[in-house]
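S.K.: here is the input, now give the coordinates:
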Amino acid sequence: MKLKKVKEFVDFFNKSGLGELEVEYQEGEIKSIKVKSKDSIQSSNLVSKQANFEIKETDFQVIDEVIDGEEVVSPLVGTFYGAMSPEEPNFVNIGDLVTKGQTLCIVEAMKVMNEIQSPRDGKIVKILVENEDVVGFEQPLFIIE
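M.R.: Predicted structure coming up:
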């Protein structure tokens with residue numbers, strides 16, 4: 001596996017909601033564990049067997065921000081959409097006040113558009129995914145405070 005592919009793997013993993021991911025390939029394997037705490041490195045413990053490449057600490061993103069609030073998670077695996085269509089504005093943006101039951105986004109799964117609603121009244125303080133990202137089951141999408 002070439003260094004470029006390893007960096008793509010690290011970028012994908014950093015953007016995902018996964019806590020741990022192990023990938024096996026012909027030359028060996030890569031295992032990555034995400035550590036979520038203040039003053040920690042987001043991805044650590046990249047391990048390779050039988051592959052010859054070097055990963056530097058500078059290849060990782062340092063977490064320096066802790067956000068209080070409630071996570072709104074995806075109830076299913078699918079594709080995240082922030083708006084009803086590309087021509088329309090997003091359902092919500094950072095800083096918006098939302099009410100319980102308000103649509104925050106859509107997660108498309110098997111051609112079915114599933115509206116994800118706010119579990120409570122609050123303020124959107126963080127949007128954790130980008131439009132058209134593939135999201136996993138219980139992956140955090142938003143933080144509401």
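
S.K.: need the pLDDT of Leu128.
M.R.: Leu128 is assigned a pLDDT of 92 by the prediction.

S.K.: now for the closest residue to it other than its chain neighbours: which residues touch it?
M.R.: Of all residues not flanking Leu128 in the chain, Pro140 sits nearest, at 5.1 Å (C-beta to C-beta, 6 or more residues apart in numbering). Where C-beta positions appear, they are placed from N, C-alpha and C, glycine not excepted. Residues near Pro140 by C-beta atoms under 8 Å, 6 or more residues apart in numbering: 17, 71-73, 128.

S.K.: which among those gets closest to Glu115?
M.R.: Val72 (12.1 Å; C-beta to C-beta).

S.K.: doesn't Asp11 belong to a helix?
M.R.: Yes. Counting by DSSP: H, G, I helix; E, B strand; the rest coil, Asp11 is found in a helix.

S.K.: quickly list the domain ranges of this protein.
M.R.: Per the record, the chain has its domains at 3-59, 70-144, by automatic domain parsing.

S.K.: comparing those domains, which gets the lowest mean pLDDT score?
M.R.: Note on the domains of the chain: domain 3-59 shows the lowest mean pLDDT, a mean of 55.

S.K.: most neighbours among the contacts of Pro140, which one is it?
M.R.: Counting neighbours by other C-beta atoms under 10 Å, Val72 comes out on top of these with 23 neighbours.

S.K.: who's the nearest residue to it once chain neighbours are set aside bridged to?
M.R.: Nearest non-adjacent residue to Val72, counting by C-beta to C-beta, 6+ apart: Phe142, 4.3 Å away. Per DSSP bridges, the residues bridged to Phe142 are Val72, Ile127.

S.K.: next up, the contacts around Phe142.
M.R.: Residues near Phe142 by C-beta under 8 Å, 6+ apart: 71-72, 92, 104-105, 124, 126-128.
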